[in-house]
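1. predicted model, plus sequence, below.
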Amino acid sequence: MKTLDQSSIPKPDVMPVDRESWKQELHLSNFINAYYQYRDVRALPDISKILIIGPGQGLDTVIFRWKNYDVTTLDIDQLFNPDFIGSVNDLSLFGNTSFDVVIASHVLEHLAEPYLDDCIAELARVARYSLIYLPVAGRHGQLRFRFDFKGFEFSWVWDLFNFFHRPNGLTASYCQGQHFWEIGRRGFRVGDLVRRFEQQFKILKHYRNLDWLPSYNFVLESKYNGKK
């Protein structure tokens, strides 16, 4: 197996966008994503302490604190005023199982692929549960029927992208140079991510967010046993 030159791996860094402007923006997707985070946390037992990695504009933090959760935030970018500065691939600031749940929503794809397994291991180490939400590649369409009768719903979703292209994991080629990889592309399909997560987690559920199609969500229970 070819050994990767460590100097060729881009180091975790802040988003390559106008972050001051981005910080001021709030879209419908922010509220939808925050709702799903709250819903998934509420479904887990005995949750009190939450670590939010990549709090962004801060909507999720406000909601969870409003609902009386003990929330800690971490971000690589001090512009977003996190409680701690750091990257998801190295959470050594925190002890083992310091939190009940850690939330990393649309964060992991901002790091080069060689960091992915370290990120997964660190998330499993610091909390009993993890919510990992990831972007779905391409453009998306949806045919959806909803009926009031017993809450019946039918939804058909399709994605348009070059599924033959395999990311090299070292070049941020997607989302205006922000993402190194995305769900759906070769090597990063749902099954590929499930197999990687299963090394550190029990998969409680994973699902497409039908109210925000660019998001695929994983709810995970840590297998961490005290050994690094």
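-> Done, it's in. As the structure is a computational prediction, the values presented were derived from the model and not from experiment.
2. when you work out contacts or count neighbours from here on, use the C-alpha atoms and nothing else.
-> Fine.
3. how about the helices in the protein?
-> Counting by DSSP state H, residue ranges of the helices within the chain are 19-24, 28-42, 59-66, 116-126, 190-197.
4. let me have those helices in CSV, extended by mean neighbour count and mean pLDDT.
-> Below are the helices of the chain laid out as CSV (neighbours: other Cα atoms under 10 Å; pLDDT from 0 to 100):
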stretch, mean neighbour count, mean pLDDT
helix 19-24, 11, 94
helix 28-42, 16, 98
helix 59-66, 16, 98
helix 116-126, 22, 98
helix 190-197, 15, 98
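5. just put these in JSON lines and tack on distance to Tyr216.
-> Converted to JSON lines, the helices of the chain look like this (distance: least, Cα to Cα, whole Å):
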{"stretch": "helix 19-24", "distance to Tyr216": "22"}
{"stretch": "helix 28-42", "distance to Tyr216": "11"}
{"stretch": "helix 59-66", "distance to Tyr216": "17"}
{"stretch": "helix 116-126", "distance to Tyr216": "16"}
{"stretch": "helix 190-197", "distance to Tyr216": "9"}
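6. who wins for proximity to Pro12 among those?
-> With Cα to Cα as the measure, helix 116-126 is the member of the helices of the chain nearest Pro12 (11.4 Å).
7. and that closest one, how far out from the chain's middle?
-> Centroid displacement of helix 116-126 relative to its chain, using Cα atoms, centre = their mean, to the nearest Å, is 12 Å.
8. show residues contacting it.
-> 88-91, 94-99, 102, 108, 130, 196-197, 200-201, 221-224, 226, 228 (Cα atoms under 8 Å, 6 or more residues apart in numbering).
9. can you say which of the residues you listed are buried?
-> Buried members of these, scored by 16 or more other Cα atoms under 10 Å, are 88-89, 91, 96-97, 99, 102, 108, 130, 197, 200-201, 221-224.
10. for those residues, which one is nearest Gln24?
-> Nearest to Gln24 among the buried ones among the contacts of helix 116-126, counting by Cα to Cα, is Leu108 at 22.3 Å.
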